[in-house]
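Peer 1: return atomic coordinates for the entry below.
(one chain, ligands or ions: 2)
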Amino acid sequence: MNEIFSAQRSVLIAGVTIDGSTVDIAIDETGLIASIGEDARKTIDADIVIDGSDRLAMPGMVNTHTHAAMTLLRGYGDDMLLQDWLSQKIWPLEAHLTGDDVYRGTKLACLEMIRSGTVAFNDMYFFMDRAAAAVDEMGMRATFAYGFIDLGMEEKREAEIKATEALTTHIKSLNNPRIQAAVGPHSIYTVSQEGLSWCGEYAKEQDIGIHVHLSETEKEVIDCVAQFGKRPAVLLDECGCLTPRTVAAHCCWLDEAECRLLGERGVSASHNPASNMKLAVNRAMPYHWLKQYGANIALGTDGCASNNNLDMLEEMKFAALLQKFAWNSPTLLPAGEAVSMATAAGARALGTGPGTLTVGAPADIVLLDARAACNTPLFHADSNAVYACNGGAVMTVLCGGRILMHEREVPGEEEIVSEAAAAARSLVDRAEQAS
Ligand SMILES: C[C@H]1O[C@@H](n2cnc3c(N)ncnc32)[C@H](O)[C@@H]1O
Ligand SMILES: [Zn+2]
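Peer 2: Ligands and ions are numbered 1, 2, ... in the order given. Model (predicted):
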């Protein structure tokens, strides 16, 4: 059994169901889908054969907004207002984080994501070299941005610039096609205009993406208009931070003109419905406007302290339900669109491929249990995936043709869990001793 996890080999998924038809998926040793069809098994002499009977194949999911190592803060502070939650609970604890904590927390996050069908994620946090090491070991894809926060102080800005440059240099030196760097200005309320402009220019110069929080709360918009006389998306745009490689998380309080601006700039909006409802930001991302103006609308969970898990199957349901409820329209964001947000749109946001099960695409593939209660009866696979199932229905996960989980087994799981639990305990102890 363990052999199947070890190395990159050619793989045949035999007799699996896609869109109601039974097909084979052949994956070559470079990790690409070589053929899909009734006779795909004849096209390769596969090293590994996965039995696809009783399995539904879907593209691997992409979580476009995470703070992965915040798994260690799961349940540490709940049921609070965003500003209080960040300033009273989260930031004081994060002040004690170490690189080892981030490594262990990110391993736990990867484990959780793999177990619920996610193959790639867009991360903003600290000690990102250690997060990258965790992702490399787990075999996933990720984009890493150092969370740039200067609070308007020039001295701090210099330090954040150095940290951003160091991370970019480090990630580029890894030369790992699964791991990318991005620039991570935290938000317009934690980064000065000088800082934002530096981020925009640096991303352009380095030819990398931008990962930012945008219009999460009404307070962010009101304060921005009072201070700068313009709305947050306009400010970001003037600082060069709205690009086709920008992922803007939340986007709850955008007005129609800002949605048009995001569409014009080709920005990806990451919808984070569970976090938004938990922190009661009190407005749902205007999906209809973003769609109308052609923004790429993807999906994310946010960190585990505001969700409190990383299950993208659950997140699809939250997205579909929140949009319908908030905009009073049961036809808004149907199941098929929710699946596209979690797969193709996410892959487009991070540039990891088409995010579809097509010949030539990276073999980022999830196999769901067709026999699970949540998949019974099976009238519409997308409907069950979005409205009935959660990550527990995920049986097998491949990323770039490599098998990361098979029949719900992930190598090293027990150790990852126990080390993360110990790291979380020790982090809280250190913070409490210091206070
Ligand atoms: C990268 C930084 O972003 C913080 N962070 C985590 N969740 C949110 C959120 N919903 N809104 C704003 N910031 C957040 C992390 O706690 C870290 O300090
Ligand atoms: Zn966030």
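Peer 1: and the closest residue to ligand 1 within the stretch 51-200 of the chain, what pLDDT?
Peer 2: Per C-beta to the nearest ligand atom, G147 is where the stretch 51-200 of the chain lies closest to ligand 1, at 3.1 Å. In short, each C-beta sits where N, CA and C put it, glycine included. At G147, the predicted lDDT confidence score is 98.
Peer 1: please look at it and V183 and confirm they touch.
Peer 2: No. G147 is not in contact with V183 according to C-beta atoms under 8 Å; the separation is 10.5 Å.
Peer 1: if you count surrounding residues, which of these two has more?
Peer 2: V183 (28 against 22; other C-beta atoms under 10 Å).
Peer 1: in the sheet, who's paired with F144?
Peer 2: With DSSP bridges applied, F144 shows beta-bridge pairing to D123, A181.
Peer 1: okay, buried residues for stretch 31-48 please.
Peer 2: Neighbour counts over stretch 31-48 (16 or more other C-beta atoms under 10 Å) mark 31-36, 40-41, 44, 46, 48 as buried.
Peer 1: mind picking the lowest-pLDDT entry from those residues?
Peer 2: Of all of those, I44 carries the lowest confidence score, 87.
Peer 1: enumerate every residue touching it.
Peer 2: For I44, the set of contacting residues under the criterion of C-beta atoms under 8 Å, 6 or more residues apart in numbering consists of 10, 12, 26-28, 34-35.
Peer 1: top of the residues you listed by neighbour count?
Peer 2: Among the contacts of I44, the one with the most neighbours (other C-beta under 10 Å) is I27, at 31 neighbours.
Peer 1: which helix or strand contains the closest residue to ligand 1 within the stretch 151-300 of the chain?
Peer 2: Minimum separation of the stretch 151-300 of the chain from ligand 1 (C-beta to the nearest ligand atom) falls at H213, amounting to 4.9 Å. When secondary structure is defined using DSSP states H and E, the element that contains H213 is strand 209-214.
Peer 1: elements contacting that strand?
Peer 2: strand 141-148, strand 179-185, helix 193-206, helix 232-238, strand 246-250 (3 or more C-beta pairs under 8 Å, 6 or more residues apart in numbering; DSSP states H and E).
Peer 1: name every strand pairing with that strand and say which way it goes.
Peer 2: According to DSSP bridges, the neighbouring strands of strand 209-214, each with its direction, are strand 179-185 (parallel), strand 246-250 (parallel).
Peer 1: after that strand, which helix or strand is next?
Peer 2: Downstream of strand 209-214, the first helix or strand assigned by DSSP H and E is helix 218-228.
Peer 1: what residues sit buried inside that following helix?
Peer 2: Neighbour counts over helix 218-228 (16+ other C-beta under 10 Å) mark 220-221, 224 as buried.
Peer 1: just for the protein, where's the confidence low?
Peer 2: Across the chain, the ranges flagged by pLDDT under 70 are 1-2, 7.
Peer 1: and it, which residues reach ligand 1?
Peer 2: By the criterion of C-beta under 6 Å from any ligand atom, the positions of the chain lying close to ligand 1 are 67, 86, 90, 94, 124-125, 147, 186, 213, 216, 275, 302-303, 306.
Peer 1: which of the buried residues of helix 218-228 sits closest to A109?
Peer 2: Lowest distance from A109 to these (C-beta to C-beta) belongs to E220, with 26.0 Å.
Peer 1: residues contacting that closest one?
Peer 2: When the contact criterion is C-beta under 8 Å, 6+ apart, the partners of E220 are 187-189, 232, 253.
Peer 1: recalculate using a threshold of 10 Å.
Peer 2: E220 makes contact with 82-83, 187-189, 213-214, 231-232, 250, 252-253, 281 under the criterion C-beta atoms under 10 Å, 6 or more residues apart in numbering.
Peer 1: now do the helices in the stretch 51-200 of the chain.
Peer 2: For the stretch 51-200 of the chain, applying DSSP state H, counting those that start in this stretch gives helices covering 82-84, 91-94, 99-115, 128-138, 154-174, 193-206.
Peer 1: filter the contacts of E220 down to the buried ones and hand me the ChimeraX line.
Peer 2: When burial is assessed using 16+ other C-beta under 10 Å, the buried subset of these is captured in ChimeraX by this command:
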select :82,187,188,189,213,214,231,232,250,252,253,281
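Peer 1: quick one: neighbours of the residue lying closest to W198 once chain neighbours are set aside, just the number.
Peer 2: For W198, ignoring the flanking residues on the chain, the nearest one in space by C-beta to C-beta, 6 or more residues apart in numbering is I161 at 6.2 Å. I161 has 16 neighbours, counted by other C-beta under 10 Å.
Peer 1: can you pull the contacts of I161?
Peer 2: The contact partners of I161, by C-beta under 10 Å, 6+ apart, come to 148, 150, 195, 198-199, 202.
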